[in-house]
Structure formats: structure tokens, C-alpha cells
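A.B. asks: Next come a sequence and a model predicted from it.
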Amino acid sequence: MKANVGNADKLIRIILAIVLGTLYLTNTVSGVLGIVVLVFAIILVATSLISFCPIYPLFGINTCSLKNKKS
């Protein structure tokens, strides 16, 4: 897997995951929608940590700078 998530993208993903997690933990969203929101937040954190988003190659997107790419 080549890194395709840049630093700005990682920061946005982490902030969005925090917001979604807070919405779930404060019971603003609950039920099935709450579970979907929580799973989405976990996916955002995971893709941020591994610097790879499996959807990006499908659309030819790469937000990672050349010096940060992993082979």
C-alpha cells in the first residue's frame, strides 16, 4: 500500500472523527444511525493512522506529498 493521505487530510479526518464520536457519546445520534456514525468515525481514524484510503485510488486522488510516500 502506498500512502495516499496527506497531513492536512489526516487532520481533517481526525477532527471529523472527534466530532462524530462526540455526537455518538452525547447521544445526539443514537440507534442504527449512531452505530453508523461511530463506525464511520473509526474508519476515519484508521485510515488517518495508516495513511491510506482505499477509496482514493478508485478516483485517482492522492493528497500525500511526494516526500511522504511509502512504497
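C.D. replies: Arrived safely.
A.B. asks: In which helix or strand does residue 8 reside?
C.D. replies: According to DSSP states H and E, residue 8 maps onto helix 7-25.
A.B. asks: Can you give the distance from that helix to the centre of its chain?
C.D. replies: Centroid separation for helix 7-25 versus its chain: 8 Å, with Cα atoms, centre = their mean, to the nearest Å.
A.B. asks: counting contacts, what elements does that helix pack onto?
C.D. replies: Applying 3 or more Cβ pairs under 8 Å, 6 or more residues apart in numbering; DSSP states H and E, we find helix 7-25 packed against helix 31-50. Where you see a C-beta, it was placed from the backbone N, CA and C, and this is true even at glycine.
A.B. asks: Pull out the buried positions in the helix it packs on.
C.D. replies: Across helix 31-50, burial judged by 16 or more other Cβ atoms under 10 Å covers 34, 37-38, 41, 44-45, 47-48.
A.B. asks: ok, these vs residue 8, which is closest?
C.D. replies: Lowest distance from residue 8 to those (Cβ to Cβ) belongs to residue 48, with 11.2 Å.
A.B. asks: pLDDT value on the closest one, please?
C.D. replies: Residue 48 is assigned 94 on the pLDDT scale.
A.B. asks: start the count at 10, not 1, going forward
C.D. replies: Let's use 10 as the start, then, which means that last one is residue 57.
A.B. asks: Could you double-check that it lies in contact with residue 25?
C.D. replies: No. Using Cβ atoms under 8 Å, residue 57 and residue 25 do not qualify as a contacting pair, with a distance of 9.6 Å.
A.B. asks: In the protein, which residue is most central in space?
C.D. replies: Note on the chain: the residue nearest the mean C-alpha position is residue 53, at 2.2 Å, using Cα atoms, centre = their mean.
A.B. asks: who touches that one in this structure?
C.D. replies: Contacts for residue 53 were tallied using Cβ atoms under 8 Å, 6 or more residues apart in numbering; they are 22-23, 25-26, 29.
A.B. asks: separation between residue 54 and residue 69?
C.D. replies: Using Cβ to Cβ, to the nearest Å, residue 54 is found at 24 Å from residue 69.
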